[in-house]
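*Asks:* coordinates for the following, if possible.
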Amino acid sequence: MANNHRKYIWLGLVLLFLFFWSNKKEFSHFFESRPTADHLDFNHQEGGSDRKTVVVSSDEKIHMEVFDRVHPAVVNIATTTLGMNFWLEVIPRQGQGSGFIIDREGYILTNNHVVAKAQKITVTMADGSKISAPLVGRDPASDLAVIKIPSRYVNAVVSLADSDAVRVGQKAIAIGNPFGLSHTLTTGIVSALKRDIRTRDGHRIDDLIQTDAAINPGNSGGPLLNSSGEVIGINTAIYSLSGGYQGIGFAIPINQAKEVATQLITSGRVARPWLGISGISITPMISEGLGLGVQEGVLVVRVVKGSPAHQGNLRGGHKEVIIGSRRFLLGGDIIMAIDGHGTSDMEDLVQIVGRLKVGETVSVRIMRDNRPMDMDILLAERP
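*Replies:* This next block holds a predicted model:
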């Protein structure tokens with residue numbers, strides 16, 4: 001028994017020896033001393049004679065140059081609003097977005113939804129300094145707002161492009177603060193033009209730039225740039241089924257934003273023109289049922305007394321008819337075009353008038369008693 005026991009011990013030792021021998025490379029590091037830093041090859045690669053030159057593509061150079069030039073003028077905007085919890089206690093809530101400096105006096109352009117209802121607005125500059133920024137003015141209809149910091153903190157100002165010259169397919173570069181991550185650059189192209197969306201509070205924004213540059217929560221209010229580092233638009237919204245980036249973002253053209261910003265800075269509000277009518281969109285079915293003689297346009301139902309339409313002698317309806325379950329006032333003028341732009345429905349009319357300015361005189365093509373007429377109407381400010 002003792003001999004058998006010894007045989008098993010020797011057999012076990014032999015097998016253990018063979019195991020260690022076959023895996024000696026794996027176990028050798030347990031018995032070796034650690035090398036010094038000077039013995040590590042990667043610590044001697046930098047500056048070596050065999051070091052390869054880093055290749056930077058023309059695209060990369062554009063991105064780097066645009067970021068270096070523009071990011072000092074892009075700011076992070078943090079807001080504090082007051083809300084109520086379940087127990088009806090007033091509690092502060094935090095929000096954040098982006099903006100960019102458009103003037104040496106310290107004016108910063110951003111989105112209305114970034115600063116709406118904010119009790120306190122704090123701007124974080126590229127160097128990390130935090131500055132209180134009062135609201136200059138905001139315009140929910142265009143989702144634009146202007147805030148201001150003291151001019152002594154301004155180190156850089158963006159350059160603004162002509163957004164009317166933007167073309168589908170050109171490079172689009174976005175800089176902002178997605179999810180609070182400061183000064184993030186993403187790239188893509190201009191995917192489409194003249195898109196329109198509805199804001200959360202029901203306003204329609206027209207002529208937007210669509211881009212596939214990644215835009216996420218926190219990018220709102222930041223600049224969309226061309227290859228020259230000029231601002232072509234303001235990142236304002238995304239189309240998403242998940243709430244996150246899915247390749248479709250929208251920016252307000254900078255030409256439109258300049259007009260709004262100018263009015264907000266100079267008067268604190270935006271003056272918009274109006275005609276002063278209510279009407280219905282004409283469809284082939286409505287035209288046939290009412291015998292209007294046209295397939296599209298806007299049938300004027302009512303003219304507001306004292307409005308530009310009233311001053312310009314537009315006529316509303318005066319004879320009520322019922323077709324099915326709908327009531328119509330007939331006898332009013334049919335608006336066919338404004339300044340040569342066809343008005344196929346009420347949405348077209350509102351969009352066309354919205355692009356005009358208070359104090360402009362516009363030519364309105366109408367049908368009255370089946371006869372075409374042109375009338376000049378002086379636009380006034382919407383009350």
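*Asks:* wait, what's in contact with Lys117?
*Replies:* Lys117 makes contacts with Thr81, as judged by C-beta atoms under 8 Å, 6 or more residues apart in numbering. C-betas here are computed from N, CA, C, even on glycine.
*Asks:* got phi/psi on it?
*Replies:* phi 60, psi 10 (degrees, to the nearest 10).
*Asks:* from Phe100, how far out is it?
*Replies:* For Lys117, the distance to Phe100 equals 22 Å [C-beta to C-beta, to the nearest Å].
*Asks:* and what of Phe250?
*Replies:* Here the criterion is C-beta to C-beta. By it, Phe250 lies 17 Å from Phe100.
*Asks:* now do Glu320
*Replies:* According to C-beta to C-beta, Glu320 stands 54 Å off from Phe100.
*Asks:* ditto for Ile248
*Replies:* On the measure of C-beta to C-beta, Ile248 and Phe100 end up 22 Å apart.
*Asks:* quick one: which of those two has more around it?
*Replies:* Neighbours around Ile248 and Phe100, counted as other C-beta atoms under 10 Å, are more numerous at Phe100. The numbers are 24 against 16.
*Asks:* let me know whether that one touches Val231 as I believe.
*Replies:* Yes - using C-beta atoms under 8 Å as the test, Phe100 is close enough to Val231 to be in contact (7.0 Å).
*Asks:* now do the strands in the stretch 201-350 of the chain.
*Replies:* In order along the chain, the stretch 201-350 of the chain carries the following strands (DSSP state E, counting those that start in this stretch): 204-211, 223-225, 230-238, 249-253, 273-274, 277-281, 298-303, 319-323, 326-330, 334-338, 341-342.
*Asks:* out of those, which comes closest to Pro72?
*Replies:* Of all the strands of the stretch 201-350 of the chain, the one in closest proximity to Pro72, counting by C-beta to C-beta, is strand 223-225 (12.3 Å).
*Asks:* who does the closest one touch, helix- and strand-wise?
*Replies:* Using 3 or more C-beta pairs under 8 Å, 6 or more residues apart in numbering; DSSP states H and E as the contact criterion, the elements in contact with strand 223-225 are helix 58-70, strand 171-176, strand 230-238.
*Asks:* buried ones in the first one?
*Replies:* Translated: helix 58-70. By neighbour count with 16 or more other C-beta atoms under 10 Å, helix 58-70 contains the buried residues 62-63, 66-67, 69-70.
*Asks:* which stretches of the stretch 201-350 of the chain aren't confidently modelled?
*Replies:* For the stretch 201-350 of the chain, applying pLDDT under 70 flags the ranges 238-245, 323-324.
*Asks:* and the pLDDT for Leu88?
*Replies:* The pLDDT attached to Leu88 in the predicted structure is 55.
*Asks:* same question, Ala156
*Replies:* The pLDDT attached to Ala156 in the predicted structure is 95.
*Asks:* isn't it up against Asp68?
*Replies:* No - at 10.4 Å, Ala156 does not count as touching Asp68 under the criterion of C-beta under 8 Å.
*Asks:* other residues contacting stretch 250-270?
*Replies:* Residues lying outside stretch 250-270 but in contact with it, judged by C-beta under 8 Å, 6+ apart, are 102, 107, 109, 136-139, 141-146, 160-164, 166, 195, 197, 205, 207-211, 224, 231-239, 271.
*Asks:* center of the chain, which residue is that?
*Replies:* Averaging the C-alpha coordinates of the chain gives a centre point, and the residue nearest to it by C-alpha atoms, centre = their mean is Thr236 (1.7 Å).
*Asks:* I'd say it and Ala145 touch.
*Replies:* No - under the criterion of C-beta under 8 Å, Thr236 makes no contact with Ala145, lying 11.2 Å away.
*Asks:* which residues do those two both contact?
*Replies:* Residues touching both Thr236 and Ala145 (C-beta under 8 Å, 6+ apart): Asn111.
*Asks:* can you give the domain ranges for the chain?
*Replies:* What automatic domain parsing lists as the domains of the chain is 69-153, 161-267, 273-381.
*Asks:* longest strand in this protein, by number of residues?
*Replies:* strand 184-198 (DSSP state E).
*Asks:* output the below-cut-off pLDDT ranges for the stretch 51-200 of the chain.
*Replies:* When the per-residue scores of the stretch 51-200 of the chain are filtered using pLDDT under 70, the ranges that remain are 51-52, 82-92.
*Asks:* how about the strands in it?
*Replies:* According to DSSP E, counting those that start in this stretch, the strands that the stretch 51-200 of the chain contains are 74-84, 90-101, 107-111, 120-124, 130-132, 135-139, 144-148, 159-160, 171-176, 184-198.
*Asks:* so what does the first one touch, helix or strand wise?
*Replies:* Strand 74-84 is packed against strand 90-101, strand 107-111, helix 112-115, strand 120-124, with contacts defined by 3+ C-beta pairs under 8 Å, 6+ apart.
*Asks:* now it against helix 58-70, angle please.
*Replies:* Using axes from the mean of the first three to the mean of the last three C-alpha atoms, to 10 degrees, the direction of strand 74-84 lies 60 degrees away from that of helix 58-70.
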